[in-house]
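**Student:** Any chance you can model this:
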Amino acid sequence: MTDRIAFLGIGLMGAPMATRLIDSGFALTLWNRTAAKAETVSAGRAIVATTPADAARNADVLMTMLETGSVVESVLFGPDGAAAALKPGALVIDMSSSPPPLARDHAARFAARGIGYLDAPVSGGVVGAAAGTLAIMAGGSLLDFARAQPIFAALGKATRVGPAGSGQLAKCCNQAIVAITIGAVSEALLLASASGADPAAVREALMGGFADSRILAFHGKRMIERDFVAGGRVRVQLKDQETILAAAKDANLHLPLSEAVTALYRDLAARGQGDLDQNALLLELERINAPARVGPAPDQPTRG
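**Tutor:** As a prediction, the model looks like this:
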């Protein structure tokens, strides 16, 4: 692999993604605010940079996997930002979840300097990142998308969904479905439990029917086990919900289901549970419906 990649953001998702790229033979330079996380992923097989600008210098491709759009803006265009260090002809792939208008703005700013740009957020969580089975939703030119294919192939399946900003719009659609379905599964299991049925058996009965989904299979099992260890965090899901509602406002849409789930996530985060897994929406529904509860197991909010 001839492209040198600067990978910025070695968190829950970024760490397994960067590891897969290293394992696939790409030459990586890593940067993370907490340098120790980058050092752990590097394990002597990649360079660890001290600033985003240092990471971007001489990079052919710059990839970001950061928590919010404001962080992406700061890491790219703030002091010691990566953007100023990029050479003409480089390609930026922002795999963070950011507002669509920000992606379009970044695409224009990079285009003015002869730098390609794709907004390419992902779905599949930490499990998909580690397995290389992520769904990648890319916005940008056909040429830039084709150039990124060898990189995307190491991470999962990529689909170009339109021009710059379209990838982030697709991620909004994904997160709307995820959040509403987590809410639906939470309500169904709580209804089953409160009404005297075995929620684990109800989940098994539903799987394979029209109500089946990956969320019922994965998050439903974790809810019954009361495993709220973070894969995708509540605060990140809430950030995505706010982006969904902003996109809906721009499109003159009223999305009552997304609005209701967003309110639940806001209350959950306000109660200090923002670092739990997004499936902890169940806890907010249990609080509203106390003493109803799903499953007898003790809560598992943290590892170890």
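**Student:** In terms of helix, strand or coil, where does the residue of the chain most remote from its centre fall?
**Tutor:** Distance from the centre of the chain peaks at residue 196, with 36.2 Å (Cα atoms, centre = their mean). Following DSSP: H, G, I helix; E, B strand; the rest coil, we place residue 196 in the coil state.
**Student:** Residue 170 versus that one, what's the distance?
**Tutor:** Distance of residue 196 to residue 170, computed by Cβ to Cβ, to the nearest Å: 41 Å. For glycine as for every other residue, the C-beta is placed from the backbone atoms N, C-alpha and C.
**Student:** for residue 154, same thing?
**Tutor:** 20 Å.
**Student:** more crowded one of the two?
**Tutor:** Comparing residue 154 with residue 170 by other Cβ atoms under 10 Å, the one with more neighbours is residue 170, at 23 against 17.
**Student:** Where does the more buried one fall, secondary structure wise?
**Tutor:** Using DSSP states H and E, residue 170 maps to helix 166-194.
**Student:** okay, the angle between the next helix-or-strand element following that helix and helix 166-194?
**Tutor:** Sequence-wise, the next helix or strand downstream of helix 166-194 (DSSP H and E) is helix 199-206. Comparing the axes of helix 199-206 and helix 166-194 via axes from the mean of the first three to the mean of the last three Cα atoms, to 10 degrees yields an angle of 120 degrees.
**Student:** Got phi/psi on residue 233?
**Tutor:** phi -80, psi 150 (degrees, to the nearest 10).
**Student:** Please name the bridge partners of it.
**Tutor:** Following DSSP bridges, residue 233 is listed with bridge partners residue 277.
**Student:** Distance check, it against residue 266.
**Tutor:** Remark: distance between residue 233 and residue 266 (Cβ to Cβ) = 14 Å.
**Student:** These two: which is more packed in?
**Tutor:** Using other Cβ under 10 Å, the more surrounded residue of residue 233 and residue 266 is residue 233, with 20 against 15.
**Student:** residues contacting the more buried one?
**Tutor:** By Cβ atoms under 8 Å, 6 or more residues apart in numbering, the contact set of residue 233 is 12, 274-278.
**Student:** Quickly note the distance from it to residue 300.
**Tutor:** Separation of residue 233 from residue 300 (Cβ to Cβ): 15 Å.
**Student:** ranges for the strands of the chain?
**Tutor:** Ranges of strands in the chain, per DSSP state E, are 4-8, 27-31, 47-48, 61-64, 91-94, 116-119, 122-123, 134-139, 156-162.
**Student:** In the longest one, which residues are buried?
**Tutor:** Spelled out, it's strand 156-162. 156, 158, 160-161 (16 or more other Cβ atoms under 10 Å).
**Student:** need those residues in JSON lines with pLDDT and distance to residue 228, can you?
**Tutor:** Shown next, in JSON lines, are the buried residues of strand 156-162 (pLDDT from 0 to 100; distance: Cβ to Cβ, whole Å):
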{"residue": "156", "pLDDT": "97", "distance to residue 228": "26"}
{"residue": "158", "pLDDT": "98", "distance to residue 228": "31"}
{"residue": "160", "pLDDT": "98", "distance to residue 228": "35"}
{"residue": "161", "pLDDT": "97", "distance to residue 228": "32"}
